[in-house]
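Asks: how would this look folded up:
(one chain, ligands or ions: 1)
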Amino acid sequence: MAQRNILIQGDPTLEKRCRPVTDFNPRLHTLLDDMRETLAHANGVGLAAPQVGVLRRAVVVLETNVDEGEEEYMIELVNPEIIEADGEQTGAEGCLSIPNEYGIVTRPEHVKVRAQDRFGSFFEVEGEGLTARAFCHELDHLEGTLFTTKATRMLTPEELQAAEEAQAAQATEEA
Ligand code: ZN
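Replies: Numbers count the residues shown, from 1 in each chain. Model prediction:
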């Protein structure tokens, strides 16, 4: 496994539509392994193949809705499609390809995704809250769509600072 370089907004690769994965071969497995490592290192909740320069329909999402004491885990989605979406959530969203910027984006509260695993088997997975947001955000990447085109507005530097301070205060309380 190896970390890959995450492309930053402005790179034309991020605005291209990705092709379906057709070969479920060792090359795909290496890509997914590398995406897992890259995502873990970046402390993100999702990463799409085009963000590491590969124009194929593959994403990795961190499932953060786990019971207390259980480990968060990554879900690999190959050729994913949203087959159900319900509810609505409006909140701040960011992207590993757009560092230090956050925007207000409305997403479904719950989605069901149909995808293939790394061996080509179809499965369905559901996401709530942040996980639903991550599924939508990563699937948008496969269409060459960045969250900044969907944000109703971007957070101001003052709002960002306030959010960071609130987070720091919370971390202190928890420590
Ligand atoms: Zn992103």
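Asks: Look up phi and psi at the most centrally placed residue in the chain.
Replies: Nearest residue to the geometric centre of the chain (CA atoms, centre = their mean): residue 46, 2.6 Å. The phi/psi pair for residue 46 (degrees, to the nearest 10) reads phi -170, psi 150.
Asks: same thing with the one 10 residues further on?
Replies: According to degrees, to the nearest 10, the main-chain angles of residue 56 amount to phi -130, psi 150.
Asks: Looks like it contacts residue 19 (just checking).
Replies: Yes - counting by CB atoms under 8 Å, residue 56 sits close enough to residue 19 to count as a contact (6.0 Å). No exception for glycine: its C-beta is placed from N, CA and C like everyone else's.
Asks: Mind checking which of these two has more residues around it?
Replies: The neighbour count for residue 56 versus residue 19, taken as other CB atoms under 10 Å, is higher for residue 56 (20 against 12).
Asks: so what's that one up against?
Replies: Residue 56 sits next to 18-21, 28, 31, 49 when contact means CB atoms under 8 Å, 6 or more residues apart in numbering.
Asks: can you redo those residues as TSV with pLDDT?
Replies: TSV is the format used below for these (pLDDT from 0 to 100):
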residue	pLDDT
18	98
19	98
20	98
21	98
28	98
31	98
49	98
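Asks: Using the three-state scheme, assign the nearest residue to residue 3 once chain neighbours are set aside.
Replies: Excluding the flanking residues, the one nearest residue 3 by CB to CB, 6 or more residues apart in numbering is residue 38, at 4.9 Å. Secondary structure, DSSP: H, G, I helix; E, B strand; the rest coil: residue 38 is helix.
Asks: who touches residue 38 in this structure?
Replies: Each residue near residue 38 by CB under 8 Å, 6+ apart is listed here: 3-4, 6, 47, 52.
Asks: From residue 4, how far off is it?
Replies: 5 Å (CB to CB, to the nearest Å).
Asks: okay, and the common contacts of the two?
Replies: Joint contacts of residue 38 and residue 4 (CB under 8 Å, 6+ apart) are residue 52.
Asks: which neighbours does the longest strand along the chain have in its sheet, and in what orientation?
Replies: Counting by DSSP state E, the longest strand found in the chain is strand 73-86. Strand pairing for strand 73-86, using DSSP bridges, gives strand 58-63 (antiparallel), strand 110-116 (antiparallel).
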